[in-house]
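Visitor: quick one, structure for this:
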Amino acid sequence: MSETVRLRREEPGLTQADLAERTGLKQWAVARFEAGGTMPTVPELVRLAEALEMGLSVEFQPLREAG
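Guide: From the prediction side, this is the model:
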């Protein structure tokens with residue numbers, strides 16, 4: 001997910017600071033997420049998706065049954 005955000009941000013030439021401004025996040029938070037150091041909250045993911053003009057899909061998957 002972090003690589004998708006970075007690639008989508010770079011397509012139009014946005015900097016991490018640009019994306020941070022669009023989302024209300026700090027630049028260092030965008031940098032840490034893109035580097036794989038943190039996982040944003042769902043509301044932060046929504047703001048990132050909106051800022052990058054992307055959809056966001058969150059779904060539950062069934063767990064494996066105990067065997």
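
Visitor: can you pull out the strands in the chain?
Guide: Remark: strands of the chain are absent; assignment by DSSP state E.

Visitor: any low-confidence regions in it?
Guide: 66-67 (pLDDT under 70).

Visitor: rerun at 80
Guide: 65-67 (pLDDT under 80).

Visitor: what ranges do the helices span in it?
Guide: Assigned by DSSP state H, the helices in the chain fall at 2-10, 16-23, 27-34, 42-51.

Visitor: name the residues that touch the second one?
Guide: This points to helix 16-23. 9, 14, 25-27, 29-31, 34, 44, 47-48, 50-52 (C-beta atoms under 8 Å, 6 or more residues apart in numbering). Heads up, the C-betas are built off the backbone N, CA and C, glycines and all.

Visitor: can I have the buried ones of those as a PyMOL selection?
Guide: The following PyMOL line selects those of these that are buried, judged by 16 or more other C-beta atoms under 10 Å:
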select buried, resi 9+14+25+29+30+31+34+44+47+48+51+52
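
Visitor: taking the contacts of helix 16-23 together, which two end up most distant?
Guide: Using C-beta to C-beta, the pair of the contacts of helix 16-23 lying farthest apart is 31 and 50, separated by 19.5 Å.

Visitor: on that earlier part again, same list (the helices of the chain) but as a markdown table, adding distance to residue 62.
Guide: Formatted as a markdown table, these follow (distance: least, C-beta to C-beta, whole Å):
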| stretch | distance to residue 62 |
| --- | --- |
| helix 2-10 | 24 |
| helix 16-23 | 32 |
| helix 27-34 | 28 |
| helix 42-51 | 20 |
